[in-house]
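> Below is the sequence, then the predicted model.
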Amino acid sequence: MLKYNEFINENKMWFKTIPQFLSWLEEKSNNDWIWLDTETTGLRGPKHVQLTQIAAIATTYNFSHNEFTDLGSYDVKIELTPDTLTQMKDPTSRIKWVLSFNHYGKSGIKYHDEAETLQEFHEWVKQWNNPLLVIQNAQFDMNMINVRNTIVKFKNEVFDTKMMLQLYYLPLLQTLSETNDEYKKLVNKIGTSDRDNGLISSSMSKVGPALGVDMTNYHDALTDCRLAMDMTKRVIQFLKDNQHVDIMKYQIQRIKLSNN
């Protein structure tokens, strides 16, 4: 499975069967799982935007019963930096819209220093048993917390749930849709995305509803951790129920396009 520094050059999830992937999940059930999400002031990368929220839920995972058990949670809103406040004065800035979109600015909430929060969160992560970081679109969040943190870096193994969708859930759905109209309707419901090179979208905002996940309060970081957990549980059960299916055709299609 991919570690943070292996995202680009060492794609360990490629060309694995569903049983092989499930075997990896069973192996990792010996670890504590930390569901992590961040909110930021934009999408231009860690050198241009700041963190506005870091949230996480620590769990154990029972592979046999496909159940997660909460161990603890972390949720901190971060105060705006002087640089962000300056950028917001630009009439072309979209930061205010992004903050509203991410549920930022509610009264009665204490806001914390970004650098201090990153160090505190690093200590929080260390208390768990060989923690596996579980993140939807992990490269974005790992870049944010590691580049913005100039003192300590997160070197934990990472499980990217977006990659699970791209290489397992969606290929399985496509394969089943070849002979089942209900799955074909589900594929159409999710729709395609330019971010997925024109293939079926791997966004949680699209896949979650298709799986029956309640997306209320989406884009609050702590809520998104819970949504990712619910989505992953449903995906794993779907994979368990259909592990005999050969998904390689659609998996290869994803991999080829990702190399272009």
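Thanks, I have it.
> Tell me which stretches of the stretch 51-200 of the chain form strands.
Counting by DSSP state E, counting those that start in this stretch, the stretch 51-200 of the chain has strands at residues 51-62, 67-78, 111-112, 132-135, 158-160.
> Can you add distance to residue 209 and give these back as a markdown table?
In short, each C-beta sits where N, CA and C put it, glycine included. Below are the strands of the stretch 51-200 of the chain laid out as a markdown table (distance: least, CB to CB, whole Å):
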| stretch | distance to residue 209 |
| --- | --- |
| strand 51-62 | 21 |
| strand 67-78 | 20 |
| strand 111-112 | 31 |
| strand 132-135 | 20 |
| strand 158-160 | 20 |
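> nearest to residue 91, of those strands?
Closest approach to residue 91 among the strands of the stretch 51-200 of the chain is made by strand 51-62 (21.0 Å; CB to CB).
> ok and that closest one relative to strand 67-78, angle-wise?
Interaxial angle of strand 51-62 relative to strand 67-78 (axes from the mean of the first three to the mean of the last three CA atoms, to 10 degrees): 170 degrees.
> quick one: low-confidence ranges for the stretch 1-150 of the chain?
1-12 (pLDDT under 70).
> if we go to 90?
1-15, 43, 45, 101-109, 149-150 (pLDDT under 90).
> now the strands of the stretch 51-200 of the chain in a markdown table, with mean neighbour count?
Listed next are those as a markdown table, based on neighbours: other CB atoms under 10 Å:
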| stretch | mean neighbour count |
| --- | --- |
| strand 51-62 | 22 |
| strand 67-78 | 17 |
| strand 111-112 | 14 |
| strand 132-135 | 24 |
| strand 158-160 | 23 |
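> ok, how many other residues are close to the nearest residue in space to residue 78 that is not next to it in sequence?
Nearest non-adjacent residue to residue 78, counting by CB to CB, 6 or more residues apart in numbering: residue 114, 4.8 Å away. Number of residues near residue 114 (other CB atoms under 10 Å) recorded here: 20.
> contacting residues around residue 114?
Contacts for residue 114 (CB atoms under 8 Å, 6 or more residues apart in numbering) come out as 50, 51, 78, 79, 81, 148.
> One more pass at 7 Å, please.
Counting by CB atoms under 7 Å, 6 or more residues apart in numbering, residue 114 touches 50, 51, 78, 81, 148.
> The longest helix anywhere in the chain: what's the following helix or strand?
Longest helix in the chain by number of residues (criterion: DSSP state H): helix 221-241. As assigned by DSSP states H and E, the chain's next helix or strand after helix 221-241 is helix 248-258.
> for that following helix, packing partners?
helix 170-177 (3 or more CB pairs under 7 Å, 6 or more residues apart in numbering; DSSP states H and E).
> And the contacts of the helix it packs on?
With CB under 7 Å, 6+ apart as the criterion, helix 170-177 contacts 18, 183-184, 186-187, 200, 202, 238-239, 242, 245, 247, 250-251.
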